[in-house]
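Trainee: I would like to see how this sequence folds:
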Amino acid sequence: MSAQVEVEQPKPRVHLGVLGHEGHGKSTLAAAITKVLARSSETRTLSPTGSGTLRQTRARGISLSMMYVECQTSHRCYSHVVPPSHVDCVKGLMTGSAPMDGAILVVSADEGPMPQTRDCIRLAREAGIRSIVVFLNKWRLMDDPEIRELVEHEVRTLLKSYDFPGDETPIVTGSALRALGGDTGAWGEPAIRRLLEVVDRHITTPRCVTREPLLMPVQGVRFIINQGTVVGGRVERGTLHLHEEVEVVGLGPTLRTVVTRIEQFHKPLDEGRVGDKVDVQVRGLEGWNLKRGQVLARPGSIRAHQRFIARVYLLTRADGGRHGVLLDDDCLRFCFHGTDMMGTVRLLEGERLGNPGDTLLLLVELTDPVALEETLRFEVREGGRTVGVGIVTKVL
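Mentor: Now for the predicted structure:
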């Protein structure tokens, strides 16, 4: 195996989501940002990973798979997460498989906020995203200044309806397609540079919890010939060190292994820090022993449980919640660490039923043991949609 070389990361890392209605230009904007930054001598941009089918993407006009792009401005290192569809956006935000510290909300100026725009804002609020920058795309198509003001007003009003500071949220106008084509006019590359300056100022840097015990949810597993099993995921807490012994917790018996290699964007690291999305090669474990939903953790720091008590908020019908009431012994799907599983619920505190919009104390029993601890947040799903969010208050 080749010698390990540490990739220096002197700048803070921020995971930035690019959200919006399908067809409003999310992937085009991410590509434009990549191209504009690649021309700057002060910044570094790496090729996208996970885009896979670029020919089909161009031919069909929409993205077909999740895309991750790493780039640096003069102040920060960004990992752009671009969900290809609204369904992937929901799954990524609510299950944590596409972690985001902040977001660029892309709105097409010629259409204004659409239903999926509203859903993205709601999901961002529920996922804990507090910093949003708006990019009004296709601005060159709107010649009437009154209509432009109306679109901006609609966006700010929509943000305020979901408890975001709509009046203070920065709105940048431009054309991602023109910038991607190399246009140096006001709506082309200069608009992308203005957007990046605003993002540097407005998106808050995530708090690093490096002194706490390691926790890295497993988001993907693959086997590489002549190398072994590789686990992909994001370090949520602590620091992952090379040659460190870790435990694999959840969805079966707890296993121990040793980290033999850490990579990020195909470059080797000596350690994985909080917020880093890394690939980790482990020793002595076959691919079928590992699965999405498990976690890599410091030995003894977290245990797997099937029963827990949680405080759960049921979304209203208007926000996509259940249409019926919640009763004892109802079966729902609970999303932890990037995966979901069935569980039965029992209402506590004397409640006999739960209506959409209620906040309830529930006793939950899962079908499989999962790595759980108090204050862990999760999502509740039913029929392919998110119907609630909750937090673990006690493990049993």
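
Trainee: Quick check: end-to-end length of stretch 181-194?
Mentor: Distance between the two ends of stretch 181-194: 17 Å, counting by Cα to Cα, to the nearest Å.

Trainee: for that stretch, what is the average pLDDT?
Mentor: Regarding stretch 181-194, the rounded mean pLDDT is 88.

Trainee: Okay, buried residues for that stretch please.
Mentor: 183, 187, 188, 189, 191, 192, 193, 194 (16 or more other Cβ atoms under 10 Å). For the C-beta atoms, the positions are set from N, CA and C on the backbone; glycine is no exception.

Trainee: next one: stretch 364-383
Mentor: Going by neighbour count (16+ other Cβ under 10 Å), the buried part of stretch 364-383 is 364, 366, 369, 370, 371, 372, 376, 378, 379, 380, 381, 382.

Trainee: Give the bridge partners for the fourth one, please.
Mentor: Think residue 370. Legend: beta-bridge partners of residue 370 under DSSP bridges are residue 305.

Trainee: residue contacts, it?
Mentor: Contact analysis of residue 370 by Cβ atoms under 8 Å, 6 or more residues apart in numbering lists 250, 251, 293, 304, 305, 306, 336, 337, 341.

Trainee: Any of those buried? List them.
Mentor: Among those, the ones that count as buried by 16+ other Cβ under 10 Å are 250, 251, 293, 304, 305, 306, 336, 337, 341.

Trainee: Closest to residue 39 out of those residues?
Mentor: For these, the closest approach to residue 39 (Cβ to Cβ) belongs to residue 337, at 38.9 Å.

Trainee: Which strand or helix spans the nearest residue to that closest one once chain neighbours are set aside?
Mentor: Closest residue to residue 337 apart from its sequence neighbours, by Cβ to Cβ, 6 or more residues apart in numbering: residue 217 at 3.7 Å. Using DSSP states H and E, residue 217 sits within strand 215-224.

Trainee: Dump the buried ones among the contacts of residue 370 to a markdown table, plus distance to residue 359.
Mentor: Listed next are the buried ones among the contacts of residue 370 as a markdown table, based on distance: Cβ to Cβ, whole Å:
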| residue | distance to residue 359 |
| --- | --- |
| 250 | 27 |
| 251 | 29 |
| 293 | 26 |
| 304 | 27 |
| 305 | 22 |
| 306 | 24 |
| 336 | 20 |
| 337 | 23 |
| 341 | 23 |
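
Trainee: Quick check: the farthest pair among those?
Mentor: 306 and 337 (14.6 Å).

Trainee: Which positions within stretch 292-311 qualify as buried?
Mentor: For stretch 292-311, the neighbour count (16+ other Cβ under 10 Å) marks 292-298, 301-302, 304-306, 308-310 as buried.

Trainee: pretty sure residue 121 is in a strand, no?
Mentor: No: applying DSSP: H, G, I helix; E, B strand; the rest coil, one finds residue 121 to be helix, outside a strand.

Trainee: So it is in contact with residue 156, correct?
Mentor: No: the pair residue 121 / residue 156 is not scored as a contact, 11.4 Å apart, by Cβ atoms under 8 Å.

Trainee: Out of these two, name the residue with the larger neighbour count.
Mentor: Ranked by neighbour count (other Cβ atoms under 10 Å), residue 121 and residue 156 place residue 121 first, with 25 against 18.

Trainee: which non-adjacent residue is nearest that one?
Mentor: In space, residue 121 comes closest to residue 162 once its chain neighbours are excluded; the distance is 5.0 Å by Cβ to Cβ, 6+ apart.

Trainee: Where does the closest residue in space to residue 103 that isn't next to it in sequence fall, secondary structure wise?
Mentor: Spatial nearest neighbour of residue 103, excluding adjacent residues (Cβ to Cβ, 6+ apart): residue 17 at 4.2 Å. Residue 17 belongs to strand 13-20 when assigned by DSSP H and E.

Trainee: next structured bit after that strand?
Mentor: Following strand 13-20 in sequence order, the next helix or strand is helix 26-38 (DSSP H and E).

Trainee: Quick one: list the elements packing against that following helix.
Mentor: Applying 3 or more Cβ pairs under 8 Å, 6 or more residues apart in numbering; DSSP states H and E, one finds that helix 26-38 contacts strand 13-20, strand 67-72, strand 77-82, strand 102-108, strand 132-137, helix 176-180, helix 189-202.

Trainee: Using JSON lines, please lay out those together with distance to residue 345.
Mentor: Formatted as JSON lines, those follow (distance: least, Cβ to Cβ, whole Å):
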{"stretch": "strand 13-20", "distance to residue 345": "30"}
{"stretch": "strand 67-72", "distance to residue 345": "35"}
{"stretch": "strand 77-82", "distance to residue 345": "31"}
{"stretch": "strand 102-108", "distance to residue 345": "31"}
{"stretch": "strand 132-137", "distance to residue 345": "33"}
{"stretch": "helix 176-180", "distance to residue 345": "44"}
{"stretch": "helix 189-202", "distance to residue 345": "39"}
